[in-house]
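Asker: Here is the input, now give the coordinates:
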Amino acid sequence: MQSRHYVTGILCCLAATVSWGAMFPVMTNALRYMDPFTFTTLRYSLAGLAFLALLLMREGSQALSLKGERWGLAWLFGSAGFAGFGFLVFLGQKLAGPSGALTASIMMATMPMLGMFVIWALRKVRPPLFSFAFICTSFAGVVAVITKGDLNGLLVNPSAYVANIPVVLGALCWVFYTVGASYFPKWSPYRYTAVTTLLGLTTVYAIDLVLLALGVIHYPLASTVLAVAPHLLYMAFVAGLIGVLCWNIGNKILTPLNGVLFMDVVPITAFTVSTLTGVTPEPMQIAGAAVTATSLLLNNIYQRRAHKAVVGSLPVSNQAQTPVLVEAP
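Answerer: The predicted structure is shown next:
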């Protein structure tokens, strides 16, 4: 029974990360028809309704009451997670062109590393010295993917890589959103996801209205919405609803310390799907992805040993209360 439960956790984490890896090649096609702002608004509007329905079924309408709750903080995290991540990552992917899916997927695998800096800033918990080395090698792999091994081009013509800046900022936004869950320890994952999605949508709509007023984006035509309908359904319900739920269930079974390793599946899936659609990664991009994945694995092993040593030095009564400080997107 226990082994079957463990297998369920593995399958859930695998399903989540495969769905997230495929979303970047899916967006490559969607962005040919629709701007990332309008698409993100439609995507999270659908996903938000689905999360709302799920929360009402599981916890009832009282779960929507924010009386006495830090709703302003929930709005801030929701805005970062949905407006920040959705707008910035896919804006960067669009600006980068067909190869943007590869860069964006690699940034997803670096989120646990980025999380160390966010936790350091918010919680004043400094990453261990060895983790800094893994962070450096992780980003070296990212640079290899972005530049395709042409470091001289990065120095001579840095403006050619400006499209990657929104991707990095978007990844940081999602890490910020993920760490934000720790500020609501009494909320279930269903409540945190649904409430922050609904609050974050107010920011999404506000930004869209400003962009519409400035003429940066336009109301989508019915034909355009129909053209991206399959992509929209995938992003809202497969990568969104199913992916997030599978990730939460899988991490509950395996613990985040084990679940985070599945983030390596995201770039692998993105590279595979991109290749099938005609965008073949360069050898240096594959090497860079391997470096980033290896850094994540080695840092995970180091954290395991460090955590085991800390827990082993505590009285038995306190061991179960020692948290594992690992955040995953």
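
Asker: which ones are touching residue 192?
Answerer: 74, 181, 184 (CB atoms under 8 Å, 6 or more residues apart in numbering). Quick note: C-beta positions are derived from backbone N, CA and C, even for glycine.

Asker: Residue 265 touches residue 15, doesn't it?
Answerer: No. In this structure, residue 265 is not within contact of residue 15 by CB atoms under 8 Å, at 9.8 Å.

Asker: still on that earlier bit, specify which member of the contacts of residue 192 is nearest to residue 161.
Answerer: Nearest to residue 161 among those, counting by CB to CB, is residue 181 at 32.2 Å.

Asker: which stretches of the stretch 51-200 of the chain aren't confidently modelled?
Answerer: The stretch 51-200 of the chain contains residues with pLDDT under 70 at 153-160.

Asker: In the chain, what residue spans correspond to strands?
Answerer: With strands called from DSSP state E, the chain shows none.

Asker: circling back: out of the contacts of residue 192, name the ones that lie in helices.
Answerer: Counting by DSSP state H, the part of the contacts of residue 192 found in helices is residue 74.

Asker: Out of the contacts of residue 192, who's the most crowded?
Answerer: The most crowded member of the contacts of residue 192, judged by other CB atoms under 10 Å, is residue 74 (22 neighbours).

Asker: wait, that one sits on residue 195?
Answerer: Yes. The pair formed by residue 74 and residue 195 meets the contact definition of CB under 8 Å, at 5.7 Å.

Asker: shared neighbours of those two, anything?
Answerer: Contacts common to residue 74 and residue 195, judged by CB under 8 Å, 6+ apart, are residue 66.

Asker: Count the residues that sit near residue 80.
Answerer: 24.

Asker: Now do the contacts for it.
Answerer: For residue 80, the contacting residues are 173, 174, 176, 177, 180, 200, by CB under 8 Å, 6+ apart.

Asker: Return the distance of the fifth one relative to residue 290.
Answerer: Think residue 180. Here residue 180 is placed at a distance of 31 Å from residue 290 (CB to CB, to the nearest Å).

Asker: Comparing the two, which residue is more hemmed in?
Answerer: A side-by-side neighbour count of residue 180 and residue 290, using other CB under 10 Å, places residue 180 first with 21 against 15.

Asker: now that one, nearest residue through space, not along the chain?
Answerer: Spatially, and ignoring its direct neighbours in sequence, residue 180 is nearest to residue 77 (3.3 Å; CB to CB, 6 or more residues apart in numbering).

Asker: of all the contacts of residue 80, which comes closest to residue 94?
Answerer: For these, the residue nearest residue 94 by CB to CB is residue 173; the value is 16.8 Å.

Asker: Correct me if wrong: that closest one contacts residue 91.
Answerer: No. Judged on CB under 8 Å, residue 173 makes no contact with residue 91 at a distance of 12.0 Å.
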